[in-house]
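Undergrad: Got a sequence here, can you model it:
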Amino acid sequence: MAAAKAKNMKLQVKHGSKVYEVRLQAEQGNVLTVQDLVKKIYEVTEIPPANQKILYKGKTLNKDLDVFLTDTGLTDNAKVMLLGKRPDPVDDKEMGKLHNIEQSVKKEEEKLSEITYELDGVHRGFLEDSLKRPALQKSRKRIAHSTEQYMKLLEALDGLNLDPSNSGGRAKRKSLVDRIHTLLDRCDGLAKGIDDMLASNEGKDK
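TA: Residues are numbered from 1 along each chain as shown. Presented below is the predicted three-dimensional model:
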């Protein structure tokens, strides 16, 4: 008979010489999963999810975060073992830098979306002919600025000193690098499109 899905549970988490008592409460309408345990452990120990290895009766629990806690065999008042460590102060500082870079990438991406929207308006003929060239030239300068900012952000990412054990931070850095390269390709495409529109507009003026 399948175990009832728990909506709350009390567990003991042993980490080194310390034992933490954690109380888990599922959000309304949900049942507890391994993800809930991982989040709670992060709250009480400050060990990031990427650094956690949670063991129960010799099995690693956090291989699949979507599994219901009761399906792992856990019951109320069970004891699990936690392996892992907090990032050292240097790594904490580097993670702060990584977060700031991530926010900067998002802001630049929003600016790029605005430029794309404006260029679409020009392409559709929403501007008078006399206003097209100044608008295109302005957009061209903004794209050049975005390209420069993305290059600086790539340099900043390359300069981060993340601990080899910080797999979560390293994965995020790689994801941001890939994202920036995609956005640089987008900048290049927009710049070429503007140059084509400027050339076409110049031909009409003649």
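Undergrad: Could you find the closest non-adjacent residue to the spatially most central residue of the chain?
TA: When the chain is reduced to its mean C-alpha position, the nearest residue by C-alpha atoms, centre = their mean turns out to be Lys172, at 6.1 Å. For Lys172, the nearest residue in space outside its immediate sequence neighbours is Leu98; the separation is 6.2 Å by C-beta to C-beta, 6 or more residues apart in numbering. For the C-beta atoms, the positions are set from N, CA and C on the backbone; glycine is no exception.
Undergrad: Likewise for Pro49?
TA: The shortest distance from Pro49 to any residue that is not its chain neighbour, by C-beta to C-beta, 6+ apart, is 4.9 Å, and that residue is Val38.
Undergrad: which element is the one you found on?
TA: When elements are assigned from DSSP states H and E, Val38 belongs to helix 34-45.
Undergrad: How about that helix, which residues are buried there?
TA: For helix 34-45, the buried set under the neighbour-count rule, 16 or more other C-beta atoms under 10 Å, comprises Val34, Asp36, Leu37, Val38, Lys40, Ile41, Tyr42, Thr45.
Undergrad: again, but for stretch 45-57
TA: Along stretch 45-57, the positions that meet the burial threshold by neighbour count (16+ other C-beta under 10 Å) are Thr45, Ile47, Pro48, Ala50, Asn51, Gln52, Ile54, Tyr56.
Undergrad: Just the closest of these to His181, please.
TA: Nearest to His181 among these is Ala50, at 23.4 Å by C-beta to C-beta.
Undergrad: wouldn't that closest one be in contact with Lys172 here?
TA: No. Ala50 lies out of contact with Lys172 (C-beta atoms under 8 Å); the separation is 9.3 Å.
Undergrad: Can you give me the buried ones in the lengthiest helix in the chain?
TA: For the chain, the helix that runs over the most residues, judged by DSSP state H, is helix 167-205. Judged by neighbour count using 16+ other C-beta under 10 Å, the buried positions of helix 167-205 are 168-170, 172-173, 176, 179-180, 183, 186-187, 190-191, 193-194, 197.
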